[in-house]
Each structure stands twice: as C-alpha cells, then as structure tokens.
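**Student:** Quick one: sequence plus predicted model below, questions after.
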Amino acid sequence: MMRLAGVFASGLVFALGLGISGMTNPAKIVAFLDVAGSWDPSLALVMVGAIGAYSSLYRLVRRNAAPLFDESFSVPDRRDIDARLLGGAALFGVGWGLGGFCPGPAIVALVSGVPAVFVFVASMLVGMAAFALLDAPTPASEPTTAAGSGIDG
C-alpha cells in the first residue's frame, strides 16, 4: 500500500509540474521549437530547472542500497548508440514538433477534454502496441532479459 501511495504521490507531483510549467500546452511547445520565429524560451528554463534538480538529487539517492519503494534501482546498463536509438529519438522529436506533446504531458492533458489530445494519446497507444507486436521475439530468436536490454520490464 505504501508503494502505491508513493507512486501516486510522485505521479501527482509530476503532473502538477507539467501543468504549471505549460508543458501540456502544445502551442507553448511549438513556440519553444520555433527558434527562427517567435521563440518562447520559457520552456528552456523549465528544462534547466528539471535537469538541475535531477542531477543534484540523483547522486544523493544512488547512495542508498535501494529506492524507498522497490527492491533495486532500475538503471539501464546499455550505453551504445545504434540506429534503433537514433531512429526512435528522431521519431519522438518529429512527433513532439508536429503534435506539441510528448507522452507524459499528453496523458496529463487528457483532463482538458480537448479532442486533439485524445487523438494524440490514442495514436500513441496504437504506435506502442504496434511496436510491441513488431518487436516481439520470434520463437527462433533468443529471448533478451530486462537486465541486458537496458529496459525494465
């Protein structure tokens, strides 16, 4: 029960931060990405603040043997940069630029009731399901483990 309460509290704080910072507003995202036009740098300040908070707390938290509500830390062990990573990053960037959303803010923006948000989230879920189907290991291939893949599952 404590773990569930911790997850809920973390999600709530994250959602409030996304809403307060304007990251759930696609117009603000597109204005941030429009560096040749009417650029809105306020999102850069949000990013710098988030990176600063994360980087300062990461080292402190990692001194513990385990997180508060789990048995071990979930840290990817892969460090290589391959075509799959670059392709995924490019696809994410294009989607972010065209839609003005990334997954977290889009889910938070569902409470707005705006139809475009529902279309984006539905499309995102279809894309995730398609990836899961296409990426499923075939019987002839060796299964990969979460520890070796850099993905927790």
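**Tutor:** Thanks, I have it.

**Student:** Residue 28 and residue 120: what is the separation?
**Tutor:** Computed as C-beta to C-beta, to the nearest Å, the residue 28 to residue 120 distance reads 15 Å. Where you see a C-beta, it was placed from the backbone N, CA and C, and this is true even at glycine.

**Student:** the more surrounded of those two?
**Tutor:** Taking neighbours as other C-beta atoms under 10 Å, residue 28 and residue 120 compare with residue 120 leading, 24 against 18.

**Student:** Enumerate every residue touching that one.
**Tutor:** Taking C-beta atoms under 8 Å, 6 or more residues apart in numbering, we find residue 120 in contact with 99, 101, 106.

**Student:** The same query, at a cut-off of 10 Å, please.
**Tutor:** By C-beta atoms under 10 Å, 6 or more residues apart in numbering, the contact set of residue 120 is 26, 95, 98-103, 105-107, 109-110, 114.

**Student:** Repeat that for residue 42.
**Tutor:** By C-beta under 10 Å, 6+ apart, the contact list for residue 42 reads 21-22, 28, 31-32.

**Student:** mind redoing it with 8 Å?
**Tutor:** Contact partners of residue 42, counting by C-beta under 8 Å, 6+ apart, are 22, 28, 32.

**Student:** again with residue 96
**Tutor:** Here residue 96 is in contact with 29, 33, 102 (C-beta under 8 Å, 6+ apart).

**Student:** Verify the stated contact: the last one with residue 92.
**Tutor:** It refers to residue 102. Yes. In this structure, residue 102 is within contact of residue 92 by C-beta atoms under 8 Å, at 7.1 Å.

**Student:** who has more neighbours, these two?
**Tutor:** residue 102 (17 against 12).

**Student:** Next, count neighbours for residue 126.
**Tutor:** 10.

**Student:** and it, helix, strand or coil?
**Tutor:** Assigned with DSSP: H, G, I helix; E, B strand; the rest coil, residue 126 falls in the helix class.

**Student:** what does residue 79 give?
**Tutor:** Recorded secondary structure, residue 79: coil (three-state DSSP).

**Student:** for it, phi and psi?
**Tutor:** Backbone torsions for residue 79, taken as degrees, to the nearest 10, come to phi -120, psi 0.

**Student:** How about residue 100?
**Tutor:** According to degrees, to the nearest 10, residue 100 has phi 80, psi 10.
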